[in-house]
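Visitor: got a sequence here, can you build the structure:
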Amino acid sequence: MTAQTARDEAVGGRSPEPWLIIGAMVSAVALAHWATILNLIERWISQPEYTHGFFIPAISASVLWARRDAISRSIGKPSWLGVVLMVVSCAVLITGVKTDTYALYHGALLVAVFELALAFGGWSLVRVTAVPLAFLVFMVPLPPFISSALTLELQNISSELGVAFIRLFQIPVHLEGNIIDLGGYQLGIVEACSGLRYLIPFLSLGFIGAYLYRGPLWQKAVVFVAVIPITIVMNGARIAMIGVISQVVGISYAEGFLHYLEGWTVFIACIAILYGVMASLAALNGDPNPGSPLRFPHVRPAGLEPPARLWSGPFLASLAILTATGAYLLATPVTHRFVPDRAELIGLPYENPGWRPQIHQLDRDTEDVLGADDYVIADLNPATTSQVNLYVAYLDYQRDNRSWHSPQQCIPGGGWTITALSRVPVANADGPPTVVNRVVITKGGGKQLVYYWYRQRGMEIADELWLRLLLFRDGLIANRTDGALVRLTTPVLPDEELSAADARLAAVLAEINPVLPEYVPD
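Guide: Residues are numbered from 1 along each chain as shown. Coordinates of the predicted model:
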């Protein structure tokens, strides 16, 4: 029996060695990335847009199994570069655990899978397994700052599309921000209606569909990219359907079970449209059977001679590094973040007796979206026409899935248009000036001026990217990630210069900054 034949029989299941190798890989990855895997499962269960994550590893494994013959013939010379990269990825994993940065958890897991392939069978094996391994990306949640920005943008697009479709039925409708006003019924396009819960799983289907589509590379790219407009347009149509049903049949029919059913209907319709795109491209190619455009693509194996031994030095070293990392993380006690003592923010508007504050309370749903540990919203001097609204929200512990929604993203959702945005220094009575984000917003005939900035361990920060870097540093070095968003807003009166509104906000800023450390500690 030749070496190649022996290897083929091993891959076909007649030898226990492949299963031992797979078991060793899975065990080492599971030991090192147990926290990552638990976090992924938790996110798949709690976030509807990622429920499909349970199926991604199974699909990836199925494709690899279907390609086992090509994989067998592509096991080449193991690469020590895989070992070097494994060291780096494990260092990234440990850093992610120490700073509760889930993006680092997830990235280290994905990279570790590729590194094992590189250390086991070299670049020839990576080439054959690249697509099914890359498919694992779709099981990983988006980083929160990307997800938040994408959600808000999709909310705006879905709102506008929904209104455009409703108007096709000659139904009077008005759009203000993400609120569709149908007269007797208002339809709020909340985060759950943004279409993200369709787009993310549908992108994974588009990826695997493009892989299975039998056509040239540019058509595969068209299949994958087509997922985005299909999902956005169909979600807009779903929103319009709810609005039309509320007007024609009744509000009760537009809510509850019908709303849920429409979601599944739209998802199935998206799949059908995507299949139609693939069939149309196949017909364009002259395919005699365009109605069946999918098949496993031919993967040409490297045709290498089998290595002398499968348990090579680079592979064993990679397994050892993963195992040692897992043992270290299991042996390291969980470090709880330091949360300083502080006064509750409800006292902040009363620091100046002349402010005469009027306190506001958010509804429960908004509080849940905000996710703050403490907050205060107050109108200062409400009896005058030149009031200033003070909003401060505090988090005692920030992490990947628990951070601020940028006002630059949230303001448009309320129907306001940002007409000017800059960073300006504002003088303080003592110390250096505070650099703030200065935003001019308009809605209808109204205009407002907004100052906002972040306070983090005694630092006043306007740049949101810089804030994220400081949070990462503070979590790693100081074991603290507490901080607050501070926002001041005032109306710009019809005959008033912006400089007068600037003066009002600057005066309040100068008053609150000296007392903020009591509520947001240094």
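Visitor: three-state assignment of L362?
Guide: coil (DSSP: H, G, I helix; E, B strand; the rest coil).
Visitor: next up, phi/psi of it, please.
Guide: Phi and psi for L362, reported as degrees, to the nearest 10, are phi -80, psi 150.
Visitor: and the pLDDT for the nearest residue to H360 once chain neighbours are set aside?
Guide: Nearest residue to H360 in three dimensions, chain neighbours excluded: I377, at 4.3 Å (CB to CB, 6 or more residues apart in numbering). For glycine as for every other residue, the C-beta is placed from the backbone atoms N, C-alpha and C. With respect to pLDDT, I377 has a value of 90.
Visitor: tell me where this protein has strands.
Guide: Assigned by DSSP state E, the strands in the chain fall at 174-176, 179-181, 186-188, 358-360, 374-380, 388-395, 417-426, 434-443, 446-456, 459-461, 483-491.
Visitor: can I get those strands in TSV with mean neighbour count and distance to V126?
Guide: Shown next, in TSV, are the strands of the chain (neighbours: other CB atoms under 10 Å; distance: least, CB to CB, whole Å):
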stretch	mean neighbour count	distance to V126
strand 174-176	14	49
strand 179-181	18	49
strand 186-188	16	47
strand 358-360	13	57
strand 374-380	20	49
strand 388-395	21	41
strand 417-426	13	44
strand 434-443	19	45
strand 446-456	21	41
strand 459-461	18	41
strand 483-491	22	42
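Visitor: lowest mean pLDDT across those strands, which one is that?
Guide: For these, where the average pLDDT is lowest is strand 186-188, sitting at a mean of 65.
Visitor: thinking again about what came up before, can I get the strands of the chain in JSON lines with distance to T151?
Guide: Converted to JSON lines, the strands of the chain look like this (distance: least, CB to CB, whole Å):
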{"stretch": "strand 174-176", "distance to T151": "18"}
{"stretch": "strand 179-181", "distance to T151": "16"}
{"stretch": "strand 186-188", "distance to T151": "14"}
{"stretch": "strand 358-360", "distance to T151": "25"}
{"stretch": "strand 374-380", "distance to T151": "21"}
{"stretch": "strand 388-395", "distance to T151": "19"}
{"stretch": "strand 417-426", "distance to T151": "18"}
{"stretch": "strand 434-443", "distance to T151": "20"}
{"stretch": "strand 446-456", "distance to T151": "20"}
{"stretch": "strand 459-461", "distance to T151": "24"}
{"stretch": "strand 483-491", "distance to T151": "18"}
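Visitor: what number of residues lie near D363?
Guide: Using other CB atoms under 10 Å, the number of residues around D363 comes to 7.
Visitor: next one: A429
Guide: A429: 8 neighbours (other CB under 10 Å).
Visitor: tell me if I'm right that it and L509 touch.
Guide: No. A429 is beyond contact range of L509, at 10.1 Å (criterion: CB atoms under 8 Å).
Visitor: what sits against G483?
Guide: Neighbour list for G483: Y394, L395, Q398, Y454, R455, Q456, R457, L467, L471, V520 [criterion: CB atoms under 8 Å, 6 or more residues apart in numbering].
Visitor: which one, of the strands of the chain, ends up nearest to A501?
Guide: strand 446-456 (4.2 Å; CB to CB).
Visitor: in terms of secondary structure, what does that closest one contact?
Guide: helix 407-413, strand 434-443, strand 459-461, helix 464-477, strand 483-491, helix 498-512 (3 or more CB pairs under 8 Å, 6 or more residues apart in numbering; DSSP states H and E).
Visitor: make it 6 Å
Guide: Helices and strands touching strand 446-456, by 3 or more CB pairs under 6 Å, 6 or more residues apart in numbering; DSSP states H and E, are strand 434-443, strand 483-491.
Visitor: I'd like to know which of these lies nearest to A108.
Guide: strand 483-491 (26.0 Å).
Visitor: roughly how far does E497 sit from P314?
Guide: The spacing between E497 and P314, counted by CB to CB, to the nearest Å, is 69 Å.
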